[in-house]
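Engineer: Following is a predicted model, sequence given first.
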Amino acid sequence: MGNLSHVVSQLQAQRKQVHAELGRLDTAINALQGRNTRNGSGASPAAFARPSRTMSVAARRKIAAAQKKRWALWKAKQKKSA
């Protein structure tokens, strides 16, 4: 019977080690998945980010032209007041 109790104690010790290792693995997986947020919601910051939008070259040119026009008007106004 002494041999059987020794085997049982070894198995229990090994079970504790495996349980501790599972806890460490769960922590690592959760960290990599972004589930360790400060509010505890489990959602990663990337889940709240907007999808990136691409803008056509023509749209960028229109925006640049409009901005140049605004700056030109502002500069002209500054010259008048000076």
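Structural biologist: Thanks, I have it.
Engineer: SS state for the nearest residue to Met55 once chain neighbours are set aside?
Structural biologist: Excluding its sequence neighbours, the residue lying closest to Met55 (CB to CB, 6 or more residues apart in numbering) is Ile63, at 8.0 Å. C-beta here means a position set from N, CA and C on the backbone, and glycine is covered the same way. State at Ile63, reduced to three classes by DSSP: H, G, I helix; E, B strand; the rest coil: helix.
Engineer: Could I get the pLDDT score of Ile63?
Structural biologist: Looking at Ile63, its pLDDT reads 97.
Engineer: again with Gln33
Structural biologist: 83.
Engineer: So what's the residue count around it?
Structural biologist: 10 (other CB atoms under 10 Å).
Engineer: what does Gly34 give?
Structural biologist: By other CB under 10 Å, neighbour count at Gly34 equals 13.
Engineer: Asn3 too?
Structural biologist: There are 7 residues near Asn3, going by other CB under 10 Å.
Engineer: In which helix or strand does it reside?
Structural biologist: helix 2-33 (DSSP states H and E).
Engineer: Find out how far that helix is from the centre of the chain, if you would.
Structural biologist: Computed by CA atoms, centre = their mean, to the nearest Å, the separation of helix 2-33 from the middle of its chain amounts to 31 Å.
Engineer: Need the contact partners of the helix or strand harbouring Ala76.
Structural biologist: Taking DSSP H and E as the criterion, Ala76 maps to helix 57-81. The set of residues external to helix 57-81 that reach it, using CB atoms under 8 Å, 6 or more residues apart in numbering, is Met55.
Engineer: For it, buried residues please.
Structural biologist: Buried residues in helix 57-81, defined by neighbour count with 16 or more other CB atoms under 10 Å: none.
Engineer: now the residue nearest to Met55: how far from Val57?
Structural biologist: For Ile63, the distance to Val57 equals 11 Å [CB to CB, to the nearest Å].
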